[in-house]
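Enquirer: sequence plus the predicted model coming up.
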Amino acid sequence: MSPHAAKRQRPSRPRSNLVDDMRRAERTNLDNHHDRKIDEPRHVLDRRQAATASTEAVTTTVEAPDVDLSGPHDVPLPEEPVAEDGGPSEHGPRRSMRAPLADRLLTLSSLGELRIPTPLVGGLLYRGTLAQLAGPAGSYKSFLAIAVACSVAAGTDLDGQRAGEPERVIYVAAEGAAGLRARILAWCEHHGIDPRVLEPTLRVLPVPVQLGNRSTDVAEAAEAAQQFHAALVILDTRSKCTIGLEENSNTEQAKAVEAAEQICEATDATVLVIHHTGKTGSTPRGATAWDGGVWSDLRITNGKDFAVTVRCEKHKDAPSGCSHGYQLVEHQVSDDAMPRSSENARSTLVCVSRKGETPASVSQSDSLIVRTLRETPGLTGPELVAATRISKSTVYKRLRALLADGTVVKSGTRHSLTSSAVAQRKVS
């Protein structure tokens, strides 16, 4: 066998033996170098040391470390990659780019540049703020919320009168959306508004937004509201949107408040949360974190004959303590608007405002409207305005009152006297 073939068949040495050989060779070289330096004359050693010092001043030497399977302990981890605009990088997760608190201090003149919330719904809601409407079961909270949503989306006040440009609304029907279509169509028919007006401005989300899930539900809700350019987001109800959070814990509910504010800040939209009060009294159920955390604290109570009152317990930077009266009126959506639906499915309530009027004007207007409907049943609102020559706002206000007390019945957009009104000859 040739020497080369024998060499090829020689077994390889273990890696640990190679490392030991390298260390022994290094120690031998160091010993030889040390011995050589001892044998050299003094002036040669001085020149060598001076040259070594000069070289170390301008260069960096890297020594081969010993094998250490435990890994480095003092090597800092690299910073998370971040895009130039502070957003998420394609190379890793987003890193917080919040400005330091020292850079966020405001002067007195800077305070004057802060945005002051302006009304979204007169006396009730303000733009870009967090509000809560709380009331007992059966106080028609959702009916008022529907009226608010439709009026903002249609650009009207709660009486259906033009109040500005239509703005976009997202209604989170966390308790279910099955009955919302009839309620929305009833509001439109009652006020003589074409439902198609709401197509581009009103959206219904039939599932809850869990305020405890900041990275998923809340982030997606904020993004959806931002893309839709929503001016109002309604969460109906709070209990359905805080599942998993202890209702009586201020710590956990404060996180829910912060999550709702996250939607406000991301979209500049008003967020209205619907909630229940306790079994007794008008205090919202559960922890008080919401009472102190919201910008507007609204309480609703129901009275007799479908009348409700909303009291503004608190507006942070607006007059508080005001009260607003509303009336629930029965309405049956027309068969044309909801074909193939039963009368029960088309029957619902519409929430309208209840404003003060003098008894004399009420009596005179009611008498004229009733007389006109006796002579010509089935008139629409505009037809009554033309026939009675009463102002449009007064006709609609008195029609709502007559509907509420059972004098007038409405089918679709047409009004007639009820059979009991005809029998009792309710004409002055």
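Expert: Thanks, I have the structure now.
Enquirer: gap between Thr280 and Pro136?
Expert: As for Thr280, its distance to Pro136 is 9 Å (criterion: Cβ to Cβ, to the nearest Å). C-beta here means a position set from N, CA and C on the backbone, and glycine is covered the same way.
Enquirer: more neighbours: these two, which one.
Expert: Counting neighbours by other Cβ atoms under 10 Å for Thr280 and for Pro136 shows that Pro136 has the greater number, 18 against 7.
Enquirer: which residue is the nearest non-sequential neighbour of the more buried one?
Expert: Residue nearest to Pro136 in three dimensions, not counting chain neighbours: Thr277, with 5.1 Å by Cβ to Cβ, 6 or more residues apart in numbering.
Enquirer: what's opposite the one you found in the beta bridge?
Expert: Counting by DSSP bridges, Thr277 is bridged to Pro284.
Enquirer: enumerate every residue touching the closest residue to Gly160 other than its chain neighbours.
Expert: Among residues not flanking Gly160 along the chain, His191 sits closest, at 2.8 Å (Cβ to Cβ, 6+ apart). Applying Cβ atoms under 8 Å, 6 or more residues apart in numbering, we find His191 in contact with 156, 159-160, 396.
Enquirer: what's around the spatially closest residue to His229 that is not a sequence neighbour, how many residues?
Expert: Here the nearest residue to His229 in space, its sequence neighbours aside, is Arg168; by Cβ to Cβ, 6+ apart that works out to 5.5 Å. Counted by other Cβ under 10 Å, the residues lying close to Arg168 total 18.
Enquirer: just checking, Arg168 touches Ala153?
Expert: Yes: with contact taken as Cβ atoms under 8 Å, Arg168 and Ala153 are classed as touching, separated by 7.0 Å.
Enquirer: name the residues contacting each of the two.
Expert: With contacts defined as Cβ under 8 Å, 6+ apart, the residues shared by Arg168 and Ala153 are 201-202.
Enquirer: may I ask you to confirm that Arg98 belongs to a helix?
Expert: No: under DSSP: H, G, I helix; E, B strand; the rest coil, Arg98 falls outside any helix and is assigned coil.
Enquirer: Arg104 versus that one, what's the distance?
Expert: 9 Å.
Enquirer: chain neighbours aside, what residue packs nearest to Gln262?
Expert: Among residues not flanking Gln262 along the chain, Val218 sits closest, at 5.7 Å (Cβ to Cβ, 6+ apart).
Enquirer: tell me where the protein has helices.
Expert: Assigned helices in the chain, in chain order: 3-9, 15-39, 42-58, 108-111, 141-154, 180-190, 219-228, 250-267, 289-293, 343-346, 359-375, 381-388, 392-404, 419-424 (criterion: DSSP state H).
Enquirer: what's the distance between Leu144 and Arg299?
Expert: Leu144 sits 12 Å away from Arg299 when distances are taken as Cβ to Cβ.
Enquirer: so what sits against both of those two?
Expert: Common contacts of Leu144 and Arg299, defined by Cβ under 8 Å, 6+ apart, comprise 133, 310.
Enquirer: out of the helices and strands in the chain, which is least certain?
Expert: Ranking every helix and strand in the chain by mean pLDDT, DSSP states H and E puts helix 3-9 at the bottom, with a mean of 52.
Enquirer: where does the stretch 1-150 of the chain dip in pLDDT?
Expert: The stretch 1-150 of the chain contains residues with pLDDT under 70 at 1-23, 25-97.
Enquirer: skipping adjacent residues, who's closest to the residue sitting nearest the centre point of the chain in space?
Expert: For the chain, Ile263 is the residue whose C-alpha lies nearest the centre (Cα atoms, centre = their mean; 3.8 Å). Take Ile263 and drop its neighbours on the chain: the residue closest to it by Cβ to Cβ, 6+ apart is Ala222, 4.8 Å away.
Enquirer: can you pull the contacts of the one you found?
Expert: Under the contact definition (Cβ under 8 Å, 6+ apart), the residues listed for Ala222 are 262-263, 266-267.
Enquirer: over to Ser282?
Expert: Ser282 sits in contact with 134-136, 299, 301, where contact means Cβ under 8 Å, 6+ apart.
Enquirer: what about 10 Å?
Expert: By Cβ atoms under 10 Å, 6 or more residues apart in numbering, Ser282 lies in contact with 134-136, 139, 299-301, 311, 313.
Enquirer: highest neighbour count among those residues?
Expert: Looking at these with neighbours defined as other Cβ under 10 Å, the largest count falls to Ala134 at 27 neighbours.
Enquirer: how near is that one to Glu247?
Expert: Ala134 is 13 Å from Glu247, where distance means Cβ to Cβ.
Enquirer: shared neighbours, these two?
Expert: Taking Cβ under 10 Å, 6+ apart as the contact definition, Ala134 and Glu247 share the neighbouring residues 238, 275, 285-286.
Enquirer: thought Ser416 was touching Val409?
Expert: Yes: the pair formed by Ser416 and Val409 meets the contact definition of Cβ atoms under 10 Å, at 5.8 Å.
Enquirer: between those two, tell me which one has more neighbours.
Expert: It is Val409, of Ser416 and Val409, that has more neighbours when counted by other Cβ under 10 Å, with 20 against 17.
Enquirer: not counting sequence-adjacent ones, nearest residue to that one?
Expert: Of all residues apart from its sequence neighbours, Thr418 sits closest to Val409 (Cβ to Cβ, 6+ apart), at 4.9 Å.
Enquirer: model confidence for that neighbour, exactly?
Expert: For Thr418, the model assigns a pLDDT of 81.
Enquirer: most surrounded residue in the contacts of Ala222?
Expert: For these, neighbours were counted by other Cβ under 10 Å; the highest total belongs to Ile263, with 26 neighbours.
Enquirer: show the contacting residues for that residue.
Expert: With contact set as Cβ under 10 Å, 6+ apart, Ile263 has these partners: 130, 170, 209, 211, 218-219, 221-226, 230, 233, 235, 269-271.
Enquirer: contacting residues for Ala266?
Expert: 218-219, 221-223, 225-226.
Enquirer: 6 Å - rerun?
Expert: Ala266 is in contact with 222, 226, counting by Cβ atoms under 6 Å, 6 or more residues apart in numbering.
Enquirer: Glu313 versus that one, what's the distance?
Expert: Relative to Glu313, and taking Cβ to Cβ, Ala266 is found at 27 Å.
Enquirer: dump the residue contacts of Leu202.
Expert: 153, 169.
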